[in-house]
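K.L.:
could you work out the structure for the sequence below:
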Amino acid sequence: MQMLRSIMDFGGSRMRGSDLFGQKGAITMTKKFFQGMKGVENIYTQHTPLLQETVDQLVKGKLKEAAFPYLGTKQLRDRPQDVVVFMVGGITYEEAFAVYTLNKTTPGVRIVLAGTCIHNSTSFMEEVSLGQQGMY
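P.N.:
Just a heads-up that it's a prediction; the model follows:
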């Protein structure tokens, strides 16, 4: 039970800067769930990481500057050719696959993904446990 509390403290809604799951309430969440089930053969592969949606919006020029400020003197009008994403705290294999897919389906754009580590479930739980102990 303590680990569950630690996970909620580690990545709960208070810690996120954006609406990670895009829901505003239980009814909206339920509707989105059932809409997302249409045509899905394997429910375990239907999740799309937030990173994929964020980079896709960046490439299309639809990324909200208020939520994702950038450095520079002029606005980002042209489609970026090179995108470097570095995730402090680590990345997952699912995020790496999402970037791989975006690279294959978005010609003219090169996306590089890097992070402090590549997480699996064990390494993530170890990090949460260390955070709980105050070591991070």
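
K.L.:
what ranges of this protein fall below the confidence cut-off?
P.N.:
1-4, 7-26, 28-46, 72-77, 135-136 (pLDDT under 70).

K.L.:
spit out the contact partners of the residue lying closest to H119 once chain neighbours are set aside.
P.N.:
With sequence-adjacent residues excluded and distances taken as Cβ to Cβ, 6 or more residues apart in numbering, H119 is closest to G90, at 4.5 Å. All C-beta atoms are positioned from the backbone trio N, CA, C, and that covers glycine. For G90, the contact set (Cβ atoms under 8 Å, 6 or more residues apart in numbering) comprises 115-119, 123-124, 127.

K.L.:
with H119 instead?
P.N.:
H119 makes contacts with 90-92, 127, as judged by Cβ under 8 Å, 6+ apart.

K.L.:
make it 10 Å
P.N.:
87, 89-95, 125-127 (Cβ atoms under 10 Å, 6 or more residues apart in numbering).

K.L.:
hey, where'd the strands end up in this protein?
P.N.:
Under the criterion DSSP state E, the chain contains strands at 82-87, 91-92, 110-115, 118-119.
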